[in-house]
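**Q** no sequence on hand, only this structure:
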Ligand SMILES: Nc1ncnc2c1ncn2[C@@H]1O[C@H](COP(=O)(O)OP(=O)(O)OP(=O)(O)O)[C@@H](O)[C@H]1O
């Protein structure tokens, strides 16, 4: 086993998250434990309101846990300040949402290049990598198209390329195909799996789509604020 594989890409240890509700608190996560290993694609499947988005926000360092620890690789993040969390988020995490949030005035390639420039890559390196990624995702002939000139599935593939452009350790996705028709959703999911496998990323993907969940390596749910493995 290589050193990279001997530690989880993400490890949530006894994570707690609660929100004020009237005079008390709504306890959404009550000690959630979850490890995701490099190369693994894990489906997060749970009824509405049980805490999927909360879990993704905590795992994505967008919200701090009220208790427990979130390790990205070996790094404990709970006591990091905002600047450190932003750096880990930018360098080690990739995000894909139901709606792509691409920059409408920039081309597909520019949308993938910009985060790499922010990370400090040269323009030539960023363009090379962006072109390779978009070509891998079947968009080699769409590099110069703006999001408004692309289909929904193509836009979502650009969003996937953007999310993995900085070679993150972990991809977090919230209903990445939820806005697409079943056929397009299937194709986008296939490309998502292909890129995760090719890059040896770890992925946590929240979905209501049981067919897609069945094709991932593992399925987990949230029950009474805890992570429970599904068959
Ligand atoms: N910022 C907040 N303040 C107060 N309550 C919140 C906040 N965010 C989420 N909640 C509550 O926490 C619970 C879990 O919300 P969350 O959005 O994580 O659920 P979910 O499983 O993602 O739901 P869905 O599948 O409908 O998106 C819900 O009852 C929600 O109302």
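**A** Now that the structure is in, tell me what you want to look at. Values in this document were obtained by computation on a predicted structure and should not be read as measured data.
**Q** name the helices or strands packed onto the lowest-mean-pLDDT helix or strand in the chain?
**A** Considering only helices and strands, the least confidently modelled element of the chain by mean pLDDT, DSSP states H and E is helix 182-199, at a mean of 88. On a contact count with 3 or more CB pairs under 8 Å, 6 or more residues apart in numbering; DSSP states H and E, helix 182-199 meets helix 123-136, helix 152-164, strand 202-206, helix 210-214. C-beta: built from backbone N, CA, C; applies to glycine.
**Q** following element in sequence after the second one, please.
**A** Counting by DSSP states H and E, the element after helix 152-164 in chain order, helix or strand, is strand 170-174.
**Q** and that following strand with strand 202-206, angle?
**A** Interaxial angle of strand 170-174 relative to strand 202-206 (axes from the mean of the first three to the mean of the last three CA atoms, to 10 degrees): 10 degrees.
**Q** strand 170-174 and the ligand in contact?
**A** No: for strand 170-174 and the ligand, the contact criterion (CB under 6 Å from any ligand atom) is not met; the two come no nearer than 7.8 Å.
**Q** report pLDDT for residue 164.
**A** According to the prediction, residue 164 has pLDDT 92.
**Q** brain fart, residue 2
**A** Reading off the per-residue confidence, residue 2 sits at a pLDDT of 48.
**Q** which stretch among the helices and strands packed on helix 182-199 approaches the ligand most closely?
**A** Evaluated over these, closeness to the ligand peaks at strand 202-206, with 7.0 Å, by CB to the nearest ligand atom.
**Q** partner strands of that closest one and their direction?
**A** Looking at strand 202-206 with DSSP bridges, its partner strands are strand 41-44 (parallel), strand 170-174 (parallel).
**Q** so which bits of it are buried?
**A** Neighbour-count burial for strand 202-206, with 16 or more other CB atoms under 10 Å as criterion, is recorded at 202-206.
**Q** near the ligand at all, it?
**A** No: shown here: strand 202-206 not in contact with the ligand (CB under 6 Å from any ligand atom), separated by at least 7.0 Å.
**Q** give me the residues contacting that strand.
**A** Where contact means CB atoms under 8 Å, 6 or more residues apart in numbering, the residues beyond strand 202-206 that reach it are 8-10, 34, 36-46, 52-53, 55-56, 59, 169-176, 192, 196, 212, 216.
**Q** got it, and stretch 41-51?
**A** In this structure, residues lying in contact with stretch 41-51 by CB under 8 Å, 6+ apart are 17, 28-29, 34, 36, 52, 55-56, 193, 196, 202-208, 210, 212-213, 216-223, 225, 230.
**Q** drop anything exposed from the residues you listed.
**A** The neighbour-count criterion (16+ other CB under 10 Å) marks 17, 28-29, 34, 36, 52, 55-56, 193, 196, 202-207, 212-213, 216, 219-222, 225 among those as buried.
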